[in-house]
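**Q** Based on what follows, work out the 3D shape:
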Amino acid sequence: MTSTWVRRSLVAAGVATALVLGSSPAFAAIAQPDVVTKVPASFTPHIKADARWSRPIAFAVEQLGNTVYVGGRFNEAENANRTVTYTRHNLMAFDATTGEMRDFAPDLDGDVWALEAAGGWLYVGGRFKNIDGTFRPAIAKMDPVTGALDPDFKPTLKGARVTDIQMVNDRLIIGGSFWKKLTALNPATGKSTGYINASISGKLPLSTDKTEVFKFTVNPAGTRLVAVGNFTTVDGQNRQRAFMLNLDGSGDTLSDWYYPPLDRRCRTTTGNRIAYLKDVDFSPDGSYFVFVATGWVPQTTAEIGTAVCDAAARFEVDNLAPSAPTWINYTGGDTLHAVEVTGAAVYVQGHSRWLDNPYGNDFAGPGAVVRWGGGAIDPVTGMANDWDPVMKHAIGGYDFLATDTGLWIVSEGKRFEGKYHRGIVYVPLP
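**A** The predicted model follows:
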């Protein structure tokens, strides 16, 4: 996932303040004291397959107060007992404690990839054109209770998708495939504030995807932004697949942070896996960040330990010229799509079969541990811990949401720890 601060603090006491004052709360990362349990809550609803989507998927999760929002690619949802079906076009909401479905049911005609609750509103990003018949391409601002659009919020992002949204110091930062790839919007009007002016360009060789910032994260202090996606240069400097911006009161500047091994591709020859970095998240204290990746295995065994291919990798913020990650944990040939850093653990998910598998190549190499669909990594040692809920995925999940009580996990998976939980799982802290 992305940032662990503004969205997480909305779940805690900052919610009331944000709703009353209409502004984003103070930065307050939630550092969880322990690893979550493996026993999922039984009350959560499910996304449901239908004639159009035989494999529905949830791409994004957000919580505001006691309501959880889930976005993705689906037309139907059902209650925890699977006795009642609800029509929900790519976006749904339910009670965070009971799982009871909310009446919130806007009709979006395309995928929802990003959700951000701030200032008493819900911001929704994705690859859609219309909401309830109103033209609102790629991003919209909604009443979190009724789903009604804010008529004053009208960005112009035709023909693009938005894949990440975060409110930072009352600026709505968005990433995607639109013309600037990364920009800061006025949260009231949707117009560009001019705060982020990084020139992001280029397309990785052999890639079949558009140039885009796919995901980004901002540190708790609001002074560093790290982004991943399909690009080759930023402000005229070589920055393939990832870059860091310095943020201050006046705007952004490109950081000197640069990791040369990202210039090399993994062993894949599949176009849509050339831009192999899929997510990034800062630690709650802002001292390090973690990438997760697809791309298959490193091209040679000599690159094991430096190539971030089908792996999770930790980097220190203060090391602007790393020769290798602090640690790297390989799956041995399986994609990781999402990461969430809580201090107690680094959670990862995708369609993995193993972790701790640097010498595996679609098989379990020496020291590999079985981790179907993902797992949790010790943030200090970089090795998988005992958290192993068995969440087999064909594709894998693209988002987590850590709160002060537990962890929300969304994906296309059907089961978690042997129990039916299609697309949506909540696991509490012990």
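
**Q** hang on, isn't residue 294 packed against residue 273?
**A** Yes - Residue 294 is within contact range of residue 273, at 5.0 Å (criterion: CB atoms under 8 Å). C-beta coordinates here come from the backbone N, C-alpha and C atoms, glycine included.

**Q** Which residues are in contact with each of the two?
**A** Common neighbours of residue 294 and residue 273 (criterion: CB atoms under 8 Å, 6 or more residues apart in numbering): 266, 335.

**Q** Kindly state the pLDDT recorded for residue 158?
**A** As predicted, residue 158 sits at a pLDDT of 81.

**Q** you'd agree it is in a helix?
**A** No - assessed with DSSP: H, G, I helix; E, B strand; the rest coil, residue 158 is coil; it does not lie in a helix.

**Q** Spell out, range by range, the helices that occur in the stretch 1-150 of the chain.
**A** Listed in chain order, the helices of the stretch 1-150 of the chain (DSSP state H, counting those that start in this stretch) span residues 6-11, 14-21.

**Q** Report the mean per-residue pLDDT for the shortest one.
**A** Per-residue pLDDT over helix 6-11 has a mean of 38.

**Q** again with the longest one
**A** Averaged across helix 14-21, the pLDDT comes to 36.

**Q** do stretch 143-153 as well
**A** 98.

**Q** Could I get the buried residue list for it?
**A** Residues 144, 147, 149, 150, 153 are the ones in stretch 143-153 that count as buried (16 or more other CB atoms under 10 Å).

**Q** Confirm for me that the second one is in contact with residue 104.
**A** Yes - distance between residue 147 and residue 104: 5.0 Å, which falls inside the contact criterion (CB under 8 Å).

**Q** any residues in contact with both of those two?
**A** residue 91.

**Q** Quick one: find the helix or strand in the chain with the lowest mean pLDDT.
**A** When the helices and strands of the chain are scored by mean pLDDT, DSSP states H and E, helix 14-21 comes last with a mean of 36.

**Q** ok, residue 417 - contacts?
**A** Neighbours of residue 417 in contact, by CB under 8 Å, 6+ apart: 38, 39, 40, 389, 390, 391.

**Q** Just among those residues, which is most surrounded?
**A** Top of the contacts of residue 417 by neighbour number is residue 391, holding 26 neighbours under the definition other CB atoms under 10 Å.

**Q** Quick check: nearest residue in space to that residue, chain neighbours excluded?
**A** Nearest non-adjacent residue to residue 391, counting by CB to CB, 6 or more residues apart in numbering: residue 373, 3.6 Å away.

**Q** Can you pull the phi/psi pair for the one you found?
**A** Phi and psi for residue 373, reported as degrees, to the nearest 10, are phi 80, psi -10.

**Q** What score does it have for pLDDT?
**A** Per-residue confidence (pLDDT) for residue 373: 98.

**Q** now do residue 353
**A** 98.

**Q** Please apply the same query to the one 3 residues further on.
**A** Per-residue confidence for residue 356 comes out at a pLDDT of 98.

**Q** just use 636 as the starting number from now, easier for me
**A** Got it, first residue is 636 now, which makes that one residue 991.

**Q** which one of the contacts of residue 1052 is nearest residue 828?
**A** residue 1026 (39.4 Å; CB to CB).

**Q** That closest one and residue 1047 touch, don't they?
**A** No - with contacts counted by CB under 8 Å, residue 1026 stays clear of residue 1047, the gap being 10.6 Å.

**Q** Help me confirm that residue 667 comes into contact with residue 975.
**A** No - taking contacts as CB under 8 Å, residue 667 lies outside contact range of residue 975: 9.8 Å.

**Q** any shared contact partners between these two?
**A** Common neighbours of residue 667 and residue 975 are listed as residue 1037 (criterion: CB under 8 Å, 6+ apart).

**Q** What confidence value was assigned to residue 843?
**A** In this model, residue 843 carries a pLDDT of 91.

**Q** which element is it on?
**A** Here residue 843 is covered by no helix or strand, with elements defined by DSSP states H and E.

**Q** Report how many residues lie close to it.
**A** By the other CB under 10 Å criterion, the neighbourhood of residue 843 contains 13 residues.

**Q** ditto for residue 883
**A** Count around residue 883 with other CB under 10 Å applied: 9.

**Q** same check, this time on the one 3 residues further on
**A** Residues within reach of residue 886, counting by other CB under 10 Å, total 15.

**Q** And the one 3 residues further on, by the same measure?
**A** Summarising burial for residue 889: neighbours were counted as other CB under 10 Å, giving 17.

**Q** Return the member of the buried residues of stretch 778-788 nearest to residue 711.
**A** Nearest member of those to residue 711, counting by CB to CB, is residue 782, at 16.8 Å.
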